[in-house]
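> Give me coordinates for this.
(2 chains)
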Amino acid sequence: MNWFLEIIKAVLAALAVFTFLAVVGAMLGVYLERKISGWIQSRLGPKHVGPQGLLQTIADTVKLLQKENIVPSNADAITFNVAPLMAVVAALLAWIIIPFGPAFGRVLVVRDINIGLLFFIGMASLIVIAILLGGWSSNNKYALLGGFRSASQMISYEIPLALAVLVPVMMAGTLSTVGIVEAQRGGWWGIGNWFIFGLPGNRGLIVPGFLAFVVFLTAATAEVNRVPFDLPEADSELVAGYFSEYTGMRFALFQLGEYAEAFAMAALTSVLFLGGWHGPGLPGIVWFFIKMFALVFFLIWVRWTYPRLRLDQLLNLSWKGLVPLGFVLVLVTGWLLV
Amino acid sequence: MLLDWLYVAVFAVVGIIMAALPLAVVWLLAPRADYPQKRLTYESGVVPFGQAWAQFNIRYYLFALVFVLFEVEVIYLFPWAVVFREFINRQLGGFVFVEALLFIIILGMGLIYAWRKGALEWV
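This is a model prediction of the structure:
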């Protein structure tokens, strides 16, 4: 094996995924968020920069590039500077295992790691550490509270997330994302074998399959700090939560990490439960993007539909609702499979 | 196999460089007008009162303890879930299922204990 060539390929892949995240995840994500929010609230949203306001985010980025970089004098400077980088790197690493669909005779995925899903969950929890570091090192009370809330929220929702992942893993018998999507091939119109509908010949699994989908989507919303689980950055109580003290580009890096993570969660939801790139008619990659954007739209829709939870409600929902439900779902899936 | 982790390492390095690049641009472009008041942390307009690094609520610690317990349990369930189908094909499904059932019941009792003792109450 030519290691040098492989390193070059890896660097190119990393640059491609980073560009994809910056353009689709951050630029388009922020634009969609603002445009759909505007639509839901009967206003127009951004519309002046570029056609239909499409270039608004680029203008914002250029503005942020010219902003002064302020490190509070009593902050822990090293940790303060490392935290946003860590958020971006964790989100970028999570995208390694996301399969986009078939292209050029192979599946378009950076690496089909054999423990892919475990790796993804690990990277998703790395963002918690970035947020906690950012909140703590700012030496600001709002930021510290945001960091603590984020830590307690994410450790609570990581367990239901992992338990909901177990259900498709048990149905497919693999942790590789490509393997999981391949196991959902075929069926009625290319839809019938999605894990949300159970397995062919074992339709009772539709119950744990669908409930695991709901648990996963709820826990994923909490993991990426979106409303109604946006307590870490609750802007009406904590200024901006853990990134109150971040200015200019480092604030943008946190945003990039968060949007990249939200898109990764949406993509993984479709991989696990909605058949990945499988669907009737259209090419695989088109289906992948349709499902991913549909789930991102769902996240934005939820934002303007539900109010923020209280911290005790949030913890109760996880520990007294989703965690026991997750264990029951794993057992029911096992029972139905045997 | 090893190649997978080479990619992970390269992604981490490239990620750090690409994320640090805009910061370098900021260092070149952004204005600098520094004065002590600007470097104060934000506290709704007043001069910050004391440090933020104070004692925090013990409840965070309790939740962290319960989390460690159950996260480890879930991690142990992952290899079980992966090989489950293989054991079913070898007619050992029921046996392997009961094993996991016992494991989850024992730790489920732990969850009930924590619940009854009030470790999961916030207030």
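
> which residues of chain A score low on pLDDT?
A:232, A:234-235 (pLDDT under 70).

> all helices for the chain, in order.
With no chain named, the answer covers chain A. A:3-20, A:29-40, A:56-65, A:77-94, A:116-137, A:141-172, A:177-182, A:206-223, A:248-272, A:284-303, A:311-316, A:323-337 (DSSP state H).

> Not quite, go with chain B.
Here chain B has its helices, by DSSP H, at B:2-29, B:58-89, B:93-116.

> I'd like the helices of chain A as TSV, with mean neighbour count appended.
For the C-beta atoms, the positions are set from N, CA and C on the backbone; glycine is no exception. Output for those, formatted as TSV (neighbours: other Cβ atoms under 10 Å in any protein chain shown):
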stretch	mean neighbour count
helix A:3-20	15
helix A:29-40	18
helix A:56-65	16
helix A:77-94	22
helix A:116-137	23
helix A:141-172	25
helix A:177-182	22
helix A:206-223	22
helix A:248-272	25
helix A:284-303	18
helix A:311-316	17
helix A:323-337	21
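
> how about JSON lines for those, with distance to chain B added?
What follows is these, written out as JSON lines (distance: least, Cβ to the nearest Cβ, whole Å):
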{"stretch": "helix A:3-20", "distance to chain B": "4"}
{"stretch": "helix A:29-40", "distance to chain B": "15"}
{"stretch": "helix A:56-65", "distance to chain B": "6"}
{"stretch": "helix A:77-94", "distance to chain B": "4"}
{"stretch": "helix A:116-137", "distance to chain B": "6"}
{"stretch": "helix A:141-172", "distance to chain B": "4"}
{"stretch": "helix A:177-182", "distance to chain B": "10"}
{"stretch": "helix A:206-223", "distance to chain B": "12"}
{"stretch": "helix A:248-272", "distance to chain B": "5"}
{"stretch": "helix A:284-303", "distance to chain B": "20"}
{"stretch": "helix A:311-316", "distance to chain B": "4"}
{"stretch": "helix A:323-337", "distance to chain B": "5"}
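
> Mind putting the helices of chain B into a markdown table with distance to chain A and mean pLDDT?
As requested, those are exported to a markdown table (distance: least, Cβ to the nearest Cβ, whole Å; pLDDT from 0 to 100):
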| stretch | distance to chain A | mean pLDDT |
| --- | --- | --- |
| helix B:2-29 | 4 | 85 |
| helix B:58-89 | 4 | 84 |
| helix B:93-116 | 4 | 86 |
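
> Could you point out which of these sits nearest A:G275?
Using Cβ to Cβ as the measure, helix B:58-89 is the one of the helices of chain B that comes nearest A:G275, at 18.7 Å.

> the inter-axis angle of the closest one versus helix A:141-172?
Per axes from the mean of the first three to the mean of the last three Cα atoms, to 10 degrees, the angle that helix B:58-89 makes with helix A:141-172 is 10 degrees.

> which parts of helix B:58-89 are buried?
B:59, B:62-63, B:66-67, B:70-71, B:73-74, B:77-78, B:80-82, B:84-85, B:87-88 (16 or more other Cβ atoms under 10 Å in any protein chain shown).

> where's that helix relative to the chain centroid, distance-wise?
When C-alpha coordinates are averaged (Cα atoms, centre = their mean, to the nearest Å), helix B:58-89 and its chain have centres 13 Å apart.

> just checking, what packs against that helix?
Helices and strands touching helix B:58-89, as assessed by 3 or more Cβ pairs under 8 Å, 6 or more residues apart in numbering or on different chains; DSSP states H and E, comprise helix A:141-172, helix A:323-337, helix B:93-116.

> Which of these sits closest to A:N225?
Nearest of these to A:N225, taken as Cβ to Cβ: helix A:141-172 at 6.7 Å.

> packing partners for that closest one?
Counting contacts by 3+ Cβ pairs under 8 Å, 6+ apart, helix A:141-172 packs against helix A:116-137, helix A:177-182, helix A:206-223, helix A:311-316, helix A:323-337, helix B:58-89.

> what packs against the first one?
So the one you mean is helix A:116-137. If you count contacts as 3+ Cβ pairs under 8 Å, 6+ apart, helix A:116-137 packs onto helix A:77-94, helix A:141-172, helix A:177-182, helix A:248-272.

> C-alpha coordinates for it, CSV please?
Provided in CSV are the C-alpha atoms of helix A:116-137 (Å, rounded to 0.1, in the frame of the first residue of the first chain):
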residue,chain,number,x,y,z
GLY,A,116,-18.9,3.5,12.3
LEU,A,117,-21.9,4.2,14.4
LEU,A,118,-19.9,3.9,17.7
PHE,A,119,-17.4,6.3,16.2
PHE,A,120,-20.2,8.7,15.3
ILE,A,121,-21.6,8.7,18.8
GLY,A,122,-18.1,9.3,20.2
MET,A,123,-17.6,12.3,18.0
ALA,A,124,-21.1,13.7,18.8
SER,A,125,-20.1,13.6,22.5
LEU,A,126,-16.8,15.3,21.8
ILE,A,127,-18.8,18.5,21.0
VAL,A,128,-20.0,18.5,24.6
ILE,A,129,-16.4,18.8,25.7
ALA,A,130,-15.8,21.7,23.3
ILE,A,131,-18.9,23.4,24.7
LEU,A,132,-18.0,22.8,28.3
LEU,A,133,-14.5,24.0,27.7
GLY,A,134,-15.8,27.1,25.9
GLY,A,135,-18.3,27.9,28.6
TRP,A,136,-15.9,27.3,31.5
SER,A,137,-12.8,29.1,30.1
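
> Can you give the distance from it to the centre of its chain?
The chain centre lies 12 Å from the centre of helix A:116-137; the measure is Cα atoms, centre = their mean.

> Can you give me the neighbour number for A:G45?
18 (other Cβ atoms under 10 Å in any protein chain shown).

> Including distance to A:Q153, could the helices and strands packed on helix A:141-172 go into CSV?
Shown next, in CSV, are these (distance: least, Cβ to Cβ, whole Å):
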stretch, distance to A:Q153
helix A:116-137, 9
helix A:177-182, 26
helix A:206-223, 6
helix A:311-316, 6
helix A:323-337, 14
helix B:58-89, 10
